[in-house]
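Novice: sequence? don't have it. structure:
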């Protein structure tokens, strides 16, 4: 089956580049392009594409306003095309909240090599988006909803929670973290993201959660009531420090084609935390982290994996289940509660 795509972007050059890259791929084709949301709306109604690419910033109606209406009235798979700026990152995260499946960075037309990499990333993400579960979206969380936070704990964590996620994961991670209390054990997170986006992601979560959330830096002490997110384009692992666990951030080669890689994080958790760890595998494309999650379980950790019905993409959870890494498979909305129940049982 050929995946039919509509490209929506106010730049004629970007429309042409994306169209050429997509049309090179045998299993997909661009059926139309649009320069603004009003034109796009009519084309979507007429052509009923499988997926659209949507520019964040456009004239007449910005991409977010159009996306919000689209996901409320006619939900469909959308891949955002984002600028690599702080403002672009914040807008892209808002788009994912509104229901976009994924995003790519706007093409930087500086040579064939970068375009080839873009072509691979673009077509992979369009292929995944076309198969993703997309539902009708109500109102997303408010842009600013800072909970009242108690004084941050400076206690080293005695236990550790490790989370891996990819496509659809920004919203899944948010749902888990916002349900956790401020005295939860330290949390380490690898979400597949490029450089430039994870600082905004961490900042956004810090404003929504009772716990503290930050982009990890090398050597951070992992504290109770804190979460540490792998920086985009860099691996996150844990190690033992003098008073507890610490973060390790590195630029080593990609693992499973990813940097950051869930495999790197989970393997370090298996090695250094063992039975003191809880593993969580959320929605994502591919199989990154599945084998290392089995290593965690072999080392004594308790692992919960998101179920198929609540995943945007069931690839990583399916792979973890296939490896025998899951102690429990659960809907996203129940995962935080299950983790807290497990922590309570272990504390007795």
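Specialist: Ah, there it is. Only a predicted model underlies this, so the values are computations on that prediction, with no experimental measurement involved.
Novice: where in the stretch 151-300 of the chain is pLDDT low?
Specialist: 151-153 (pLDDT under 70).
Novice: now the strands for it?
Specialist: 160-165, 186-191, 212-215, 226-229, 235-240, 245-250, 277-281 (DSSP state E, counting those that start in this stretch).
Novice: domains for the protein, by residue range?
Specialist: 3-131, 160-347 (automatic domain parsing).
Novice: Please identify the deepest-packed of those.
Specialist: Across those, averaging neighbours per residue (mean count of other Cβ atoms under 10 Å) puts domain 160-347 on top, at a mean of 21. (Each C-beta comes from the backbone N, C-alpha and C, glycine too.)
Novice: List the contacts of the strand or helix carrying residue 115.
Specialist: Element membership for residue 115 (DSSP states H and E) is helix 112-131. If you take Cβ atoms under 8 Å, 6 or more residues apart in numbering as the criterion, helix 112-131 is touched by 3, 5, 17-18, 21-22, 24-25, 27-28, 50-51, 53, 77-79, 101-102, 104-105, 107-109, 167, 285, 313.
Novice: before we move on, back to that, okay if I get the domains of the chain as JSON lines plus distance to residue 154?
Specialist: Shown next, in JSON lines, are the domains of the chain (distance: least, Cβ to Cβ, whole Å):
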{"stretch": "domain 3-131", "distance to residue 154": "29"}
{"stretch": "domain 160-347", "distance to residue 154": "6"}
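Novice: Output the strands of the stretch 151-300 of the chain in TSV; the columns should cover distance to residue 118.
Specialist: Converted to TSV, the strands of the stretch 151-300 of the chain look like this (distance: least, Cβ to Cβ, whole Å):
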stretch	distance to residue 118
strand 160-165	23
strand 186-191	21
strand 212-215	25
strand 226-229	25
strand 235-240	23
strand 245-250	25
strand 277-281	28
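Novice: re earlier: so which of the contacts of helix 112-131 belong to strands?
Specialist: Judged by DSSP state E, these include 3, 5, 28, 51, 53, 78-79, 102, 104-105 as members of strands.
Novice: So which of these is the closest to residue 63?
Specialist: Among the ones in strands among the contacts of helix 112-131, residue 78 lies closest to residue 63 (Cβ to Cβ), at 9.2 Å.
Novice: wait, doesn't the closest one sit right on residue 101?
Specialist: Yes - between residue 78 and residue 101 there is a contact under Cβ atoms under 8 Å: 6.3 Å.
Novice: anything in contact with each of these two?
Specialist: 51, 129.
Novice: need the contact list for residue 287.
Specialist: Contacts of residue 287 by Cβ under 8 Å, 6+ apart are 256, 315-316, 319.
Novice: ok, now residue 290?
Specialist: 281, 316, 319-320, 322-323, 325.
Novice: what about the helices in the stretch 1-150 of the chain?
Specialist: 12-23, 37-47, 63-73, 86-98, 112-131 (DSSP state H, counting those that start in this stretch).
Novice: Revised request: answer the last question for the stretch 201-348 of the chain.
Specialist: 262-272, 290-298, 315-322, 332-347.
Novice: Save those as JSON lines, and put in distance to residue 196 too.
Specialist: Listed next are these as JSON lines, based on distance: least, Cβ to Cβ, whole Å:
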{"stretch": "helix 262-272", "distance to residue 196": "20"}
{"stretch": "helix 290-298", "distance to residue 196": "26"}
{"stretch": "helix 315-322", "distance to residue 196": "23"}
{"stretch": "helix 332-347", "distance to residue 196": "27"}
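Novice: Residue 155: which of these is closest?
Specialist: helix 332-347 (14.8 Å).
Novice: Any idea how far that closest one is from the middle of the chain?
Specialist: Mean-position distance between helix 332-347 and its chain equals 22 Å (Cα atoms, centre = their mean, to the nearest Å).
Novice: so how far is residue 96 from residue 71?
Specialist: With distances taken as Cβ to Cβ, to the nearest Å, residue 71 is found 11 Å from residue 96.
Novice: Alright, that wraps it up for me.
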